[in-house]
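Enquirer: any chance you can model this:
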Amino acid sequence: MMLYGVTLGRRYTAKEKNLFQQEIVERYTRLGYEATPQSARTRIMSADNFIIGDIASADVVIAAAYDTPAKALLPGFSYYPLHNEKNLAEERKDLFLRLAIMGALFTAAYFLFRFFTQGDGFLRVLSLTACIALALSAVFILRPGGNPVNFNRNSASLAVMAETALRLGASQRKKVAFIFLDQQVTSYEGMKFFLRREDIFDKPMVVLDALAYGKQLVLSHSDKSRVHRELLQCMTGLDAIDKPYSEEKMVQNVSGLSDSIMFLVSGQARKGEFVVRNTRTKKDYALDMKRLDRITEALVTYIKER
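Expert: Next up, the predicted model:
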C-alpha cells in the first residue's frame with residue numbers, strides 16, 4: 001500500500017503510468033510471470049493494458065484498473081460501482097459546476113479587461129494581471145489534473161493483486177493471470193479492449209474495485225454464473241453480499257461486459273443505491289488493512305482450489 005498508494009499513488013499522466021508499468025513488469029517477472037503489453041490508440045483515446053501471466057494456461061483471471069481519476073470539484077462526489085448511469089449523472093454535475101465557475105471567472109476577467117482599457121498607470125497593470133490570473137484559473141478549472149490520493153480507486157486493489165501473486169507458490173502461479181487495465185476508472189474502455197481476446201471468455205474473471213474501505217463487500221455477477229459460488233466459499237468471515245444480475249440489468253456495471261466476470265467492490269448502501277464515498281477527492285485515504293489481508297487470502301485459496 002505504501003508503494004501503490006503513496007509512492008506511485010497517482011497514475012494519471014503518461015509519465016506516471018509509465019513509472020507504474022515499469023514497476024509491475026519488474027516485480028512480476030521477478031516472480032516468474034510473463035509481462036505482455038496490450039495497447040490501443042484512437043483519435044480520442046489511448047489505452048495501455050498489461051497482461052501478467054499466461055492467459056492460455058490460466059484457470060483464473062484477476063483484473064483491476066491501474067489508472068487514477070481526475071480530481072472532482074463537486075462536493076460530495078460519489079461513485080456508484082453497480083450503477084453506471086448514476087456515475088454519468090455525477091460526471092455531468094461536476095462538469096456543469098466547472099462550466100459555471102469558468103463562466104463566472106471569464107465574466108470577471110472581461111470586466112477587469114474593460115477597466116484595464118479605461119484606467120491608467122498602476123491600476124492598468126493591476127487590472128491586467130488580475131485579468132490574466134482569472135482567465136488562467138478558468139482554464140485550470142476545466143482541466144483539473146489527477147486526484148492526488150487514490151486508495152479506493154484503485155491502489156488497494158493493486159496491492160491485493162501484488163500480495164496474491166507473492167503468496168502463491170511457483171507451481172501455482174501458472175493458474176492465474178493478472179490484468180492491469182488502463183482507461184478504466186472513468187469508463188470501461190480498458191476492459192472492453194481486453195475482452196477482444198478470444199482466449200479468455202470461458203475463464204472466471206475477478207474484477208477488483210474500491211476495496212480500501214467500505215462498510216460492505218458486494219460480489220456482483222451474472223445470474224447465469226456458477227463459478228461465483230466457489231469464490232464466495234473462500235471468502236469466509238468477509239460477509240460479502242451475493243448480488244446476481246439479470247442480463248437486462250447487468251449493463252449497469254462492469255459485470256455486464258461478460259458472463260464470466262465477478263465484480264468485487266466495497267461501499268455502503270444509501271437511498272437504495274450502493275455508493276463509494278470520497279473517491280476523486282483528497283479524502284480517499286481510508287484503509288482497512290485487515291480486510292484487505294482477508295480478501296488476499298480468499299483469492300489465494302480460490303486460485304489454489306481451481
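Enquirer: what bridges to the spatially closest residue to residue 46 that is not a sequence neighbour?
Expert: On the basis of C-beta to C-beta, 6 or more residues apart in numbering, the spatially nearest residue to residue 46 that is not a chain neighbour turns out to be residue 40, at 6.9 Å. Backbone N, C-alpha and C define where each C-beta goes, glycine included. As for beta bridges, residue 40 partners with residue 47 under DSSP bridges.
Enquirer: isn't residue 40 right up against residue 192?
Expert: No - applying C-beta atoms under 8 Å as the test, residue 40 and residue 192 come out as separate, 9.5 Å apart.
Enquirer: need the pLDDT of residue 240.
Expert: Reading off the confidence values, residue 240 has pLDDT 92.
Enquirer: any idea how far the worst-scoring helix or strand of the chain on mean pLDDT is from the middle of the chain?
Expert: Averaged element by element with mean pLDDT, DSSP states H and E, the chain has its least confident helix or strand at helix 122-142 (a mean of 74). Relative to the mean C-alpha coordinate of its chain, helix 122-142 is positioned 35 Å out (C-alpha atoms, centre = their mean, to the nearest Å).
Enquirer: list the buried residues in it.
Expert: For helix 122-142, a neighbour-count test (16 or more other C-beta atoms under 10 Å) marks 127, 128, 130, 131, 134, 135, 138, 141 as buried.
Enquirer: backbone dihedrals for residue 243, please?
Expert: Taking degrees, to the nearest 10, you get phi -120, psi 90 for the backbone angles of residue 243.
Enquirer: I meant to write residue 218 there.
Expert: Reported as degrees, to the nearest 10, the phi and psi values for residue 218 are phi -130, psi 140.
Enquirer: was I right to think it contacts residue 273?
Expert: No - applying C-beta under 8 Å, one finds residue 218 not in contact with residue 273, separated by 11.7 Å.
Enquirer: intersection of neighbour lists for the two?
Expert: Residues within reach of residue 218 and of residue 273 at once, by C-beta atoms under 8 Å, 6 or more residues apart in numbering, are residue 82.
Enquirer: neighbour count winner among the two?
Expert: Of the pair residue 218 and residue 273, residue 218 is the one with more neighbours under other C-beta atoms under 10 Å, namely 18 against 14.
Enquirer: so what pLDDT did that one get?
Expert: Confidence at residue 218, expressed as pLDDT, is 94.
Enquirer: let me see the ranges of the helices in the stretch 201-306 of the chain.
Expert: For the stretch 201-306 of the chain, the helices identified by DSSP state H, counting those that start in this stretch occupy 228-234, 289-305, in order along the chain.
Enquirer: the first one packs against which elements?
Expert: In this structure, helix 228-234 makes packing contacts with strand 216-222, helix 289-305, judged by 3 or more C-beta pairs under 8 Å, 6 or more residues apart in numbering; DSSP states H and E.
Enquirer: who touches stretch 161-176?
Expert: The set of residues that contact stretch 161-176 without belonging to it, under C-beta under 8 Å, 6+ apart, is 4, 24, 27-28, 31-33, 52-54, 57-62, 64, 178, 208, 293, 296-297, 299-300, 303-304, 306.
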